[in-house]
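A.B. asks: sharing a model that was predicted from the sequence below.
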Amino acid sequence: MKKISLFILFVCFSLLSLGQEKEKTAPTEQPKLTMLVPGDSLQVFVGSYQQKYIIHEIKGGQTLYSLARFYGLKFKDLMAYNRELTNRVIEIGQKVKVPISHRILTRKKDKDFVDSLFVPVFYEVKPRETMYTISRTYFRVEPKLLMQNNEKTTSTLRKGESLLVGWMSIYGVPDSVRAFTGPNAAFMQGMEKNKQTFAFQSEVKKEISEDGVAFWDYKSNNSNDSGLFALHRTAKTNTVIRVRNPMNNRHVFVKVIGQIPDVGYDQRIKIVLSAKAAKALGALNPRFHVKMIYFK
């Protein structure tokens with residue numbers, strides 16, 4: 001009887017130990033949240049001022065925070081493009097506008113390209129758009145490559161035609177694209193940020209166009225991180241102005257940090273630019289003619 005009792009205790013102990021071992025070895029990590037899966041595709045849109053965005057349809061488990069992270073955005077920037085989202089609770093099937101840069105796209109399939117790791121990105125041709133406009137102006141790709149990716153033998157386009165403009169990784173925007181690198185990193189980051197602000201302001205405010213004289217201090221050695229700032233006669237602080245030099249067609253997006261003082265500047269001067277902004281425009285003289293667009 002004593003032997004039977006000991007046997008039963010041994011069996012119970014063994015089963016308990018086995019259960020504990022299984023509990024220890026059970027996986028504790030949850031699968032990573034996925035925004036895109038093989039078989040998906042994206043449709044990219046281009047706004048009035050060449051800002052690019054997609055419409056992302058929310059799937060189960062996705063949040064606005066994870067969405068922003070996936071597409072390489074800050075949460076506040078995503079919300080700026082979706083002012084109708086007054087709270088942070090979203091539903092499955094809800095559509096969110098996501099601003100993107102052409103830099104997130106892979107333009108060409110090389111020998112290491114794996115189809116299952118990318119989703120195609122398409123653009124629908126609008127009236128009077130040309131192959132050159134779409135390839136070079138919108139997506140910074142050679143027309144020849146865009147034609148090759150779409151198996152086109154001519155550059156002729158039809159209204160409503162769907163063009164493959166590139167591919168996006170199912171793992172989202174890589175860190176190498178989230179932050180610009182190299183000697184012009186700060187400048188490019190400032191340019192991209194101001195461009196996004198300009199695009200948002202274009203959707204909610206009235207457009208103002210101006211021609212006039214720009215001034216800059218060509219002796220300045222200002223070391224501001226981005227250098228993309230300006231003083232203006234009437235535009236409010238934090239307004240972003242698109243400034244174009246008609247002599248070479250270069251343009252920059254500058255943020256207004258204040259108004260031009262009533263004294264010390266000729267009344268013909270409409271905008272005072274930072275040295276970096278003026279140099280980016282190819283300015284050769286302290287005063288030069290510019291064309292401006294902003295919103296108020």
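C.D. replies: Perfect, I can see it now.
A.B. asks: in this structure, which spans are helices?
C.D. replies: 2-25, 64-70, 75-80, 131-132, 143-149, 175-178, 185-204, 275-280 (DSSP state H).
A.B. asks: what's the fifth one in contact with?
C.D. replies: Looking back up the chat, that one is helix 143-149. 107-108, 131-132, 134-136, 139, 153-155, 163-166 (CB atoms under 8 Å, 6 or more residues apart in numbering). The way it works is simple: take the backbone N, C-alpha and C, and place the C-beta from them, glycine included.
A.B. asks: strands along the stretch 151-296 of the chain, start to end?
C.D. replies: Taking DSSP state E, counting those that start in this stretch, the strands of the stretch 151-296 of the chain run over residues 162-169, 207-216, 229-232, 240-245, 250-259, 269-273, 287-295.
A.B. asks: check the offset of the fourth one from the chain's centre.
C.D. replies: Here strand 240-245 shows a centroid-to-chain-centroid distance of 19 Å under the convention CA atoms, centre = their mean, to the nearest Å.
A.B. asks: pairing partners for that strand, with directions?
C.D. replies: strand 250-259 (antiparallel), strand 287-295 (antiparallel) (DSSP bridges).
A.B. asks: where does the prediction get shaky in this structure?
C.D. replies: Along the chain, the parts satisfying pLDDT under 70 run over 1-33, 86-88, 175-186, 220-226.
A.B. asks: find the nearest non-adjacent residue to residue 156, please.
C.D. replies: residue 131 (8.0 Å; CB to CB, 6 or more residues apart in numbering).
A.B. asks: what's the burial count for the one you found?
C.D. replies: For residue 131, the neighbour count with other CB atoms under 10 Å is 19.
A.B. asks: likewise for the one 4 residues further on?
C.D. replies: Neighbour count for residue 135, taken as other CB under 10 Å: 21.
A.B. asks: show me the contacts for it.
C.D. replies: Contacts of residue 135 by CB under 8 Å, 6+ apart are 141, 142, 143, 145, 146.
A.B. asks: what are the neighbouring residues in contact with the residue nearest to residue 294 when sequence neighbours are not counted?
C.D. replies: Sequence neighbours aside, residue 241 is the residue nearest to residue 294 in space, at 4.2 Å (criterion: CB to CB, 6+ apart). By CB under 8 Å, 6+ apart, the residues touching residue 241 are 198, 230, 232, 235, 253, 254, 255, 256, 271, 292, 293, 294.
A.B. asks: relative to residue 112, how far out is the third one?
C.D. replies: In this view, residue 232 and residue 112 are 48 Å apart by CB to CB, to the nearest Å.
A.B. asks: how about residue 171, phi and psi?
C.D. replies: phi -90, psi 0 (degrees, to the nearest 10).
A.B. asks: and the nearest residue to it once chain neighbours are set aside, how far from residue 172?
C.D. replies: Closest residue to residue 171 apart from its sequence neighbours, by CB to CB, 6+ apart: residue 117 at 7.4 Å. Per CB to CB, residue 117 is found 11 Å from residue 172.
A.B. asks: so those two - more neighbours on which side?
C.D. replies: Neighbour count, other CB under 10 Å: between residue 117 and residue 172, residue 172 has more, with 19 against 12.
A.B. asks: shouldn't the more buried one be in contact with residue 71?
C.D. replies: Yes. Counting by CB atoms under 8 Å, residue 172 does reach residue 71; the two are 6.6 Å apart.
A.B. asks: identify the contacts common to these two.
C.D. replies: Contacts common to residue 172 and residue 71, judged by CB under 8 Å, 6+ apart, are residue 35.
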